[in-house]
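Undergrad: I would like the atomic coordinates for the input below:
(one chain, ligands or ions: 2)
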Amino acid sequence: MIIKTFVLTPFQQNTRVVVCEETKTAICIDPGEATSEIESYLGENGFALQAITLTHGHFDHVGGTADLHKRFPQAEILLHKDDEDFYYGLPEQPLFLGIPRHQLKILGFEYAAPPRLTRNWQDGEIYTVGNLRFKILHCPGHTRGHIVLAEETHKKVFVGDCLFEGSIGRTDLPGGNFEQLMDSINTKILTLGDDFTVYSGHGGETTIAHEKMTNPFLTGVYQMTQGRFI
Ligand SMILES: [Zn+2]
Ligand SMILES: [Zn+2]
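TA: Ligands and ions are numbered 1, 2, ... in the order given. Below is the predicted model of the structure:
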């Protein structure tokens, strides 16, 4: 299993290409913005892009879908149905998240209408990429349709914006819900096992064990203090 990270967009979003080494089949998880880097990386290594697999519909995670799809029209595109409104509303999304229209172009947030999705993720499905098997887990809370991809043989989970090293995803945006996010993390992600490596949509890699020990939202510190220091 090869994991290549590209840090893109002004939000320092982690776009990832994940490859089955034996079959050279690849997926791109969350192409954040248009770039030739992904095509170059795939081409130089002889990897075939099977799919664009989206964890959720926010623009810093789907903004590069149209560009990548143009370069690889045979790659399927998957997203949970509950985030389709974000996805198909991509050109307007930065505006309702508070970015002024005159800054869209300069920040790289001027989007064309995105390509049609191939199909929706189903909670609990197994998505096969060569010899890799990703379990798709619906984890609402950051958005209504957020999913994570868990590869149980290699013990790696791609969590998008649910969980970060030392923090959790925002719940103040449309469709966000703090209790729901905590429930998703506690029942779907932490239960995968302490030895899972966690690949988040922003920031560094971590493990389930490390987050259970140190993340203030998971240790109980946040619940005790409601974010205050005492
Ligand atoms: Zn997000
Ligand atoms: Zn994000």
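Undergrad: Get me the contact residues on the chain for ligand 1.
TA: Residues of the chain found near ligand 1 (Cβ under 5 Å from the ion) are His58, Asp161. In short, each C-beta sits where N, CA and C put it, glycine included.
Undergrad: Show residues contacting the helix or strand bottoming out on mean pLDDT in the chain.
TA: Sorting the helices and strands of the chain by mean pLDDT, DSSP states H and E puts helix 221-225 at the bottom, at a mean of 73. With Cβ atoms under 8 Å, 6 or more residues apart in numbering as the test, helix 221-225 has contacts from Pro216.
Undergrad: and it, which residues are buried?
TA: By 16 or more other Cβ atoms under 10 Å, the buried positions in helix 221-225 come out as Tyr222.
Undergrad: what do you get for stretch 26-44?
TA: 26-35, 38, 41-42.
Undergrad: Is it possible to get a markdown table of these that adds secondary structure and pLDDT?
TA: A markdown table is the format used below for these (DSSP: H, G, I helix; E, B strand; the rest coil; pLDDT from 0 to 100):
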| residue | secondary structure | pLDDT |
| --- | --- | --- |
| Ala26 | strand | 98 |
| Ile27 | strand | 98 |
| Cys28 | strand | 98 |
| Ile29 | strand | 98 |
| Asp30 | coil | 98 |
| Pro31 | coil | 98 |
| Gly32 | coil | 97 |
| Glu33 | coil | 95 |
| Ala34 | coil | 95 |
| Thr35 | coil | 96 |
| Ile38 | helix | 98 |
| Tyr41 | helix | 98 |
| Leu42 | helix | 98 |
